[in-house]
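>>> Here is my input, please return the structure:
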Amino acid sequence: MAKERIGILGGTFDPFHQGHLQMALAALEGGKLDRLFVIPAGDDAYKACIAGREDRWKMAVVACTQDERLIPSRMEMDAPAPAYTADTLLSLKQANPKAALFYILGADGVMKLRRWNRLEDVLPLCDFLICPRVGEASPADFQKELADLRALGGRFSILPMEPVSFSCTEIRSQLSSGAPSPGLYSPLREFCALKGLYGMQVRCARADEWIEKLFAALNPRRFAHSLSVAAYARRLARLHGIDPDKAEEAGLLHDCAKCLPMKEMCRIAVENRLTDDPTILESNALLHSLAGAWVAQHEYGMTDPEVLEAIAYHNTGHAGMSRLDMCVCLADSIEPTRGNYPLLDQTRALSELSLERALLMSLEGTADYVRQRGKYLHPRTQETIAWLKTLPEVRGQKK
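Numbering: from 1, shown residues only. Sure, this is the predicted structure:
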């Protein structure tokens, strides 16, 4: 049986950017790895971190949702003393004695490798997969250093990939200045914005509390989705003259009950007379929104009735819904982390022009999908579709 091939990508990840992801994916493919551990540093021996340890951990967890083979690990963060790569590799080898270990390193990191603590212990434990980086040392100096390290027993392979052009310093500068940051995964930009990291202005007074609760209550993909909905709802609100803060808060909290057990959601709904509809009480997809509005009010302290209504109806809509409701309902279905589905690109493009028409397209697509698969479509969705068709913003548009 072939050995399992395990990759290790370490760093401060302050923040984790798409260059890190580029390296990880190149290593998974080029190194034929089975899985890859993303290991944020605790107390880094070479550079101080700007974001706090737990914020960097949450960002790493969110970043790893982009590929199921990426596994975030706290092994260095939770070490009783500052952990070095030698300690990490020894721990992984003890836990996986039959595995082959591969450490992913940028080409600039090769030039610093001799500074590593206990390099003589590191070299026999792993192979190195090297990712080209913009701004690395001259080719001659790099090749000389690589030859010297190989003479010490190091094993190195250069991955076939485009040079990584992003850096943490560049991303932090973009965030602090408010410039676009294409090198940052969109849920992570929202995380930084909500918390006011890297010089960004804090947008939500209760962000720390809410994010902590959501991170504990949701699985990583749902947490990333919630951040992305918050960002997209804010964007739509700004485009269409709606309060962006309310849209963002509703988007962030809209799925706060999504990962509760059905039994607990039913208890909340029945005891608080949220619904007596048996089809809703039997469906997580339908019930989590009503239960979520109650949880947002009683466990997260949300008191704004407009925000609570947007949470309560984000999955089906309702006849007479507000434009804030539309923002959140639409953002939930078209935010950037959503997997592709029919009319997604068209709905996103239409959302720039008209909330009403874009929401109608989205809900009609949902209704068609549900019917084609012989599943139950709640009447409220059909009522919302019928109501949207009566609006001047929709009736006045030619097909």
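
>>> Run through who's touching stretch 364-372.
Here stretch 364-372 makes contact (Cβ atoms under 8 Å, 6 or more residues apart in numbering) with 333, 341, 342, 343, 347, 376, 377, 381, 382, 385. Quick note: C-beta positions are derived from backbone N, CA and C, even for glycine.

>>> just how off-centre is it within its chain?
Between the centre of stretch 364-372 and the centre of its chain there are 27 Å (Cα atoms, centre = their mean, to the nearest Å).

>>> So which bits of that stretch are buried?
Within stretch 364-372, the residues that count as buried by 16 or more other Cβ atoms under 10 Å are 364, 365, 366, 367.

>>> One more: stretch 252-272?
In stretch 252-272, counting by 16+ other Cβ under 10 Å, buried: 252, 253, 254, 255, 256, 257, 258, 260, 265, 266, 268, 269.

>>> just the helices in the stretch 201-350 of the chain please.
207-217, 220-239, 244-253, 262-271, 278-281, 284-298, 305-312, 323-334, 344-351 (DSSP state H, counting those that start in this stretch).

>>> Convert the C-alpha atoms of the last one to CSV, please.
Read that as helix 344-351. Extracted as CSV, the C-alpha positions of helix 344-351 are listed here (Å, rounded to 0.1, in the frame of the first residue of the first chain):
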residue,chain,number,x,y,z
LEU,A,344,-26.7,32.5,-11.0
ASP,A,345,-24.5,34.8,-13.2
GLN,A,346,-27.6,36.4,-14.7
THR,A,347,-29.2,37.0,-11.3
ARG,A,348,-26.0,38.6,-10.0
ALA,A,349,-25.8,40.9,-13.0
LEU,A,350,-29.5,41.8,-12.6
SER,A,351,-29.1,42.5,-8.9
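
>>> For residue 113, give me its contacts.
Residue 113 makes contacts with 105, 119, 145, 149, 154, as judged by Cβ under 8 Å, 6+ apart.

>>> What are the phi and psi values at the first one?
Spelled out, it's residue 105. phi -140, psi 140 (degrees, to the nearest 10).

>>> Residue 132 is in contact with that one, correct?
No - using Cβ atoms under 8 Å, residue 105 makes no contact with residue 132, being 11.0 Å away.

>>> Looking at those two, which is more packed in?
Here residue 105 and residue 132 are compared on neighbour count by other Cβ atoms under 10 Å; more neighbours surround residue 105, at 23 against 18.

>>> what about that one, distance to residue 157?
11 Å (Cβ to Cβ, to the nearest Å).

>>> Find the residues that touch each one of these two.
128, 129, 130.

>>> can you list these in JSON lines and add distance to residue 65 and secondary structure?
As requested, those are exported to JSON lines (distance: Cβ to Cβ, whole Å; DSSP: H, G, I helix; E, B strand; the rest coil):
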{"residue": "128", "distance to residue 65": "27", "secondary structure": "strand"}
{"residue": "129", "distance to residue 65": "22", "secondary structure": "strand"}
{"residue": "130", "distance to residue 65": "26", "secondary structure": "strand"}
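
>>> Can you check those residues and name whichever has the most neighbours?
Counting by other Cβ under 10 Å, top hit in the shared contacts of residue 105 and residue 157: residue 129 with 24 neighbours.

>>> Bridging across strands, which residues link to that residue?
residue 104, residue 157 (DSSP bridges).

>>> residues contacting it?
Contacts of residue 129 by Cβ under 8 Å, 6+ apart are 7, 26, 27, 30, 31, 102, 103, 104, 105, 157, 159.

>>> Mark which of these are buried, thanks.
By 16+ other Cβ under 10 Å, these give 7, 26, 27, 30, 31, 102, 103, 104, 105, 159 as buried.

>>> Including pLDDT and distance to residue 88, could those residues go into CSV?
Output for the buried ones among the contacts of residue 129, formatted as CSV (pLDDT from 0 to 100; distance: Cβ to Cβ, whole Å):
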residue, pLDDT, distance to residue 88
7, 98, 12
26, 97, 21
27, 97, 16
30, 96, 22
31, 96, 18
102, 98, 13
103, 98, 9
104, 97, 13
105, 95, 13
159, 95, 21
